[in-house]
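> Have a look at this prediction, sequence included:
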Amino acid sequence: MSRGAWWYFFSKIIELLDTVFFVLRKKQNQITFLHVYHHTITAVFSWCYLKFLPGEQGVIIGFLNSLVHVIMYSYYFIAALGPKYKKYLWWKKYMTWIQLVQFALMLVYLVLTLILDCRTPKALTYFFTIVVIIFMYLFSDFYRQAYKKKIT
C-alpha cells in the first residue's frame with residue numbers, strides 16, 4: 001500500500017508539472033488560479049498523507065481522485081485524436097460535475113472520520129476537509145463561469 005501511495009504522490013508531482021509545460025509552451029491563458037492552486041495543494045495533500053497518515057484511510061480519497069483522472073485523461077486522449085473525434089466529446093462539461101461529486105464524496109468521508117472518531121490525526125483531517133471545501137467552491141465557480149448560460 002505504501003508503494004502505491006508513493007506512486008500516487010509522484011503522479012501529483014507530474015500533474016503539477018502541467019503548469020511548467022504551459023509556461024514553456026507560452027500557454028498562459030491555460031494557467032488559472034484554480035489550475036495552480038489545485039495541482040499545488042494536491043501535491044501537498046499527498047505528501048501530508050505519506051508523512052502523517054500512511055494507512056488505509058487515505059486510500060479512498062486517492063482511489064476517487066484516480067478514478068476521476070482516468071475519466072478526465074480519457075477525454076483528453078479522445079480530444080488529441082483530432083477534429084474527426086470531436087463528436088465524441090459532448091461530455092466535457094460533465095467532467096467538472098464528476099469532479100464536484102468526487103469532492104462531495106471526499107467531504108462526506110472526511111466528516112465521517114471525524115464523527116466516528118477514527119484513529120486519524122484530527123488536525124490533518126480538518127486540513128483535508130478545508131481543502132476539499134475550497135476545491136468545491138473553486139470548481140463550482142469554474143463550472144458556473146464555463147457552462148451556465150448568461151441570462152441578459
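Received the coordinates, thanks.
> Sketch out the low-pLDDT regions of the protein for me.
Within the chain, the ranges that satisfy pLDDT under 70 run 54-56, 150-152.
> buried ones in whatever helix or strand Phe10 lives in?
In this structure, Phe10 sits in helix 2-24 according to DSSP states H and E. For helix 2-24, the neighbour count (16 or more other CB atoms under 10 Å) marks Ala5, Tyr8, Phe9, Ser11, Lys12, Glu15, Leu16, Thr19, Phe22 as buried. Any C-beta I mention is one placed from the backbone N, CA and C, and that applies to glycine too.
> Could you do stretch 140-151 as well?
Phe142, Tyr143.
> contact partners of that stretch?
Contacts with stretch 140-151, where a contact means CB atoms under 8 Å, 6 or more residues apart in numbering, come from Leu34, Lys93, Thr96, Trp97, Leu100.
> Repeat that for stretch 27-45.
Under CB under 8 Å, 6+ apart, the answer for stretch 27-45 is 9, 12-13, 15-16, 18-19, 22-23, 65, 128, 131, 134-135, 138-139, 141-142.
> thinking again about what came up before, can you name every helix or strand that the helix holding Phe10 contacts?
helix 33-52, helix 59-80 (3 or more CB pairs under 8 Å, 6 or more residues apart in numbering; DSSP states H and E).
> rewinding a little: mind checking which of the contacts of stretch 140-151 land in helices?
Using DSSP state H, the members of the contacts of stretch 140-151 that fall in helices are Leu34, Lys93, Thr96, Trp97, Leu100.
> What remains of those if I keep only buried residues?
Among these, those classed as buried by neighbour count (16+ other CB under 10 Å) are Thr96, Leu100.
> Determine which residue lies closest to the centroid of this protein.
Ranked by distance to the mean C-alpha position of the chain (CA atoms, centre = their mean), the top residue is Asn65 at 5.9 Å.
> which non-adjacent residue is nearest that one?
Leaving aside its sequence neighbours, Asn65 sits nearest to Gln102 (CB to CB, 6 or more residues apart in numbering; 6.7 Å).
> next one: Ala5
Leu50 (5.6 Å).
> do the same with Val59
Closest residue to Val59 in three dimensions, ignoring its sequence neighbours and counting by CB to CB, 6+ apart: Met1, at 6.9 Å.
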